[in-house]
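Novice: give the three-dimensional model of this entry:
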Amino acid sequence: GIMITGVSTEGMNEEWLGHTLSKESLTKLQQLSQKYRFNVDGEGGEYETLVLSGPHMDGKLAVEYQAQWDGVRGHIDLLKIDAVRN
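Specialist: Residues are numbered from 1 along each chain as shown. Below is the predicted model of the structure:
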């Protein structure tokens, strides 16, 4: 899974902070990128991500975080990261 860890573009609000992408939310992200004219893959700094799991990993990362939002942009502060083996 891929978690959104920071947003700094019009069209993405604090609800995206800490969100793990799904097929449905990727569709929503694509729609927002077209409407607000940002790069859907985040290149250019529109948003930042953290890979939590994938086929290249033996398990996944479990994270605890606190969201920081200033009204226009935000990020998460990672408080704890644990590696969870399959």
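Novice: mind listing the helices for the protein?
Specialist: Secondary structure of the chain, counting by DSSP state H: helices at 23-36.
Novice: show me where it has its strands.
Specialist: Using DSSP state E, the strands assigned to the chain run over residues 2-7, 47-51, 59-69, 74-85.
Novice: which of those strands sits closest to Phe38?
Specialist: Nearest to Phe38 among those is strand 47-51; the distance by CB to CB comes to 8.3 Å. In short, each C-beta sits where N, CA and C put it, glycine included.
Novice: straight-line length of stretch 32-41, end to end?
Specialist: The distance separating the two terminal residues of stretch 32-41, taken as CA to CA, to the nearest Å, comes to 12 Å.
Novice: separation between Trp12 and His75?
Specialist: Careful, residue 12 is Met and not Trp. The span separating Met12 from His75 equals 12 Å under the rule CB to CB, to the nearest Å.
Novice: go on, Gln68?
Specialist: 6 Å.
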